[in-house]
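> Return a 3D structure for these sequence lines:
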Amino acid sequence: MGFCSRLEPIEMPRPLPPTTVTQLTPDGRGAVATLSVSGPESLELVGQFFVAASGKSSRQQGMNAISFGRWSQPNGITEDVVVVRRSDDDIEISCHGGLAAASAIIGSLESLGAKRIDSTPWIAARTYGPLEADAWIALSRAKTERVAGILLDQLRGALRRAIGKVLSLVQAGDLDTAHSHLDQLIRHGSVGLHLTTPWRVAIVGEPNVGKSSLVNRLVGFDRSIVFDRPGTTRDVLTASTAFDGWPVDLLDTAGLRDSEDDIEQEGVRRAQKARGSADLAILVLDAQLGPAQLASEHARNIPNAIIVANKQDLASGNDWPEHVVRTSAMTGEGIASLIVAIMDRLVPEPPRADDPVPWTKPQLTVLRLAFSAVEDVDLVRCQRCLQDLVASARDVSSLPSELT
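Numbering: from 1, shown residues only. Sure thing, here's the model as predicted:
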C-alpha cells in the first residue's frame, strides 16, 4: 500500500445506459438551461418532440449546426428550444433557464424510455482524467466570468501540466525547484477553494452603526432592512455579490451589545458564530464617536478585522488612523476603498491567466503530502502522490474542439 493510498480511490467512469438525458447546467434560475441526450436512440427520441423552424427533421440537420424550433409535448404545451446535433448519438438541447422548461423536456424524453442521469457520470465518461472531470463540474457552478476563466484553464490542462512539471523536476533530482513549484500551487489553493464556494465576509459592530446600510451599499441594492433603531437586525442575513470578479457572501449580523432580551441575545450569539466561521470580518464603528472606539472591547476581540468608520458624512473630524477605512453608506464615500481593502485581504496574489490553480480539498491534501515528501527527500513518496492525482488520464486530444 502506498503512502497516498489512504486517500479516496479514483472512481473510474462507468458504462452509461443506452439512452440518457442529462442537465448540464445547474438547477435554479438562469437565462438558459442546457441538456444532453446521449445514446443510440437519441436522434429518434428528440425527433419525436422537436420540430425545427426550417422544417428539417432531426436526422436532416447538419452536424454541429444550430437549429431553432419548438419542443411539442404530449399535453400540447410547447417550448422554444435550440438543438445541436453533436453526433448521431449526442444531441444538445438549450431551453429557457429555470426548473420548469428543463424538467418538462426531460420528462417527455423519460416517457419514451430515456433515463435521466446526474451530470457527474456524464462528465466522467467524456473527460480525460479526474482533474478535468472535476474542473468541468466546477465550471458548471462558476458564479462569475473571472472564476469560469480560471476553471477553464484547469479544464484545458493547466494544473495537470504543472504537476507533470513537478514530477519531471523530482525525477531529475531538482528538489529545490520542485519544492518552489509545489509551494506556489498550494498558495494558489487558498484562492482555488473559493472558485465555487464564495468567501464569507462578516459585517459586525455595535447596534445602529450602519452595518445594514453598508451591506446594501456594497451589493448595490436594499438586501438588508434598515431602520434607525438599535437591534433591527436580529438574524444573520446573507447578501451574495462579486468584487472584481470574485464571489463574496456578505453576512449582515446583529449588533454586538449586552441585552436582557432573549431574541436579541440569540442574534448576538449568531453574529459571533458568523464572525468565527467567516474568512474575514469587518468591524463597523460610528465615525461620529471618534477614534476612541478603537480601544473598545470589540476592537480588541477582533484583531484581524478591517476597521471601518462609517457615517463619515455626519462626522466633524477626520482624525482616524490611516488603517481605518472611512465610509458613508448614505453617500457612497469610501466604498471603493473598502472593496479594495476586502480583496487585498482575500486575494493578495490573484492567479494570472493560464496559472495552475488547485480548487478542491483532496487536491490540496495530495499537494501538501507531496510537498512534505520533497522536504523529507522521499522521492518515491512524492512521485506516488502526484501520480495518484493525475491517474487515469486519457488522451487530451479527446477534448472538445470548442474548449481547446
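> Can you tell me the closest non-neighbouring residue to residue 389?
Distances taken as CB to CB, 6 or more residues apart in numbering place residue 366 nearest to residue 389, at 4.7 Å, with adjacent residues excluded. All C-beta atoms are positioned from the backbone trio N, CA, C, and that covers glycine.
> Neighbours of the one you found, how many?
22 (other CB atoms under 10 Å).
> what's the answer for residue 321, then?
Residue 321: 9 surrounding residues under other CB under 10 Å.
> again with the one 10 residues further on
Other residues within reach of residue 331 by the criterion other CB under 10 Å amount to 12.
> Would you agree it is in contact with residue 313?
Yes - if you go by CB atoms under 8 Å, residue 331 and residue 313 touch, sitting 5.1 Å apart.
> ok so, going back, what score does the residue nearest to residue 389 have for pLDDT?
Note on residue 366: pLDDT of 93.
> How about residue 294?
Listed pLDDT for residue 294 reads 87.
> List the residues that contact it.
285, 307, 321, 324 (CB atoms under 8 Å, 6 or more residues apart in numbering).
> quick one, strands of this protein?
20-23, 32-38, 50-52, 66-72, 78-87, 90-96, 115-116, 199-205, 237-243, 246-252, 280-286, 306-310, 325-326 (DSSP state E).
> Work out the sheet partners of the fifth one and label each with its direction, please.
What it means is strand 78-87. With DSSP bridges as the test, strand 78-87 is paired with strand 66-72 (antiparallel), strand 90-96 (antiparallel).
> same check, this time on the third one
In the sheet, strand 50-52 lines up against strand 66-72 (antiparallel) (DSSP bridges).
> what's the neighbour count on residue 56?
What residue 56 shows, counting by other CB under 10 Å, is a neighbour count of 14.
> Which residue, neighbours along the chain excluded, lies closest to it?
residue 67 (7.3 Å).
> circling back to that earlier point, so which of the strands of the chain is nearest residue 143?
strand 246-252 (4.5 Å; CB to CB).
> Now do the closest one: which elements does it pack against?
helix 145-155, strand 199-205, helix 211-219, strand 237-243, helix 335-346 (3 or more CB pairs under 8 Å, 6 or more residues apart in numbering; DSSP states H and E).
> how about residue 308, what does it touch?
214, 282, 283, 284, 285, 324, 325, 326, 327, 338.
> Throw the residues you listed into JSON lines and include distance to residue 98, neighbour count and pLDDT, thanks.
Below are those laid out as JSON lines (distance: CB to CB, whole Å; neighbours: other CB atoms under 10 Å; pLDDT from 0 to 100):
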{"residue": "214", "distance to residue 98": "32", "neighbour count": "28", "pLDDT": "93"}
{"residue": "282", "distance to residue 98": "34", "neighbour count": "28", "pLDDT": "93"}
{"residue": "283", "distance to residue 98": "39", "neighbour count": "27", "pLDDT": "93"}
{"residue": "284", "distance to residue 98": "37", "neighbour count": "29", "pLDDT": "92"}
{"residue": "285", "distance to residue 98": "43", "neighbour count": "25", "pLDDT": "93"}
{"residue": "324", "distance to residue 98": "44", "neighbour count": "17", "pLDDT": "95"}
{"residue": "325", "distance to residue 98": "39", "neighbour count": "22", "pLDDT": "96"}
{"residue": "326", "distance to residue 98": "43", "neighbour count": "18", "pLDDT": "95"}
{"residue": "327", "distance to residue 98": "37", "neighbour count": "27", "pLDDT": "95"}
{"residue": "338", "distance to residue 98": "34", "neighbour count": "20", "pLDDT": "97"}
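> Buried ones in stretch 334-350, by neighbour count?
Residues of stretch 334-350 classed as buried under the neighbour-count rule (16 or more other CB atoms under 10 Å) are 334, 335, 338, 339, 341, 342, 343, 345, 346, 347.
> Check the first one and give its pLDDT.
This means residue 334. 95.
> mind checking how far it is from residue 284?
12 Å (CB to CB, to the nearest Å).
> repeat for the last one
The spacing between residue 347 and residue 284, counted by CB to CB, is 22 Å.
> now the fourth one
Relative to residue 284, residue 339 is positioned 15 Å away (criterion: CB to CB).
> can you check the fifth one too?
Distance, residue 341 to residue 284, by CB to CB: 13 Å.
> just the second one next, same as before
Taking CB to CB as the measure, residue 335 and residue 284 are separated by 13 Å.
> quick revisit: out of the contacts of residue 294, flag the one nearest to residue 372.
Nearest to residue 372 out of the contacts of residue 294 is residue 307 (CB to CB; 37.3 Å).
> Look up phi and psi at the closest residue to the closest one other than its chain neighbours.
Nearest residue to residue 307, sequence neighbours excluded (CB to CB, 6+ apart): residue 324, at 4.7 Å. Here is the backbone geometry of residue 324 (degrees, to the nearest 10): phi -80, psi 130.
> do the same with residue 61
Per degrees, to the nearest 10, the backbone of residue 61 is at phi -70, psi 140.
> so it touches residue 51, yeah?
No - at 11.9 Å, residue 61 does not count as touching residue 51 under the criterion of CB under 8 Å.
> Who has more neighbours out of the two?
Legend: neighbour count by other CB under 10 Å for residue 61 and residue 51, higher for residue 61 (22 against 16).
> any idea how far the more buried one is from residue 213?
Here residue 61 is placed at a distance of 55 Å from residue 213 (CB to CB).
> Name the helix or strand of the protein that has the lowest mean pLDDT.
Within the chain, no helix or strand scores below helix 262-277, which has a mean of 61 by mean pLDDT, DSSP states H and E.
> Low-confidence regions, the chain specifically.
1-17, 28-30, 127-128, 221-235, 254-272, 274-276, 392-404 (pLDDT under 70).
> the domain parsing of it - what is it?
Following automatic domain parsing, the chain resolves into domains at 17-116, 130-194+358-403, 199-346.
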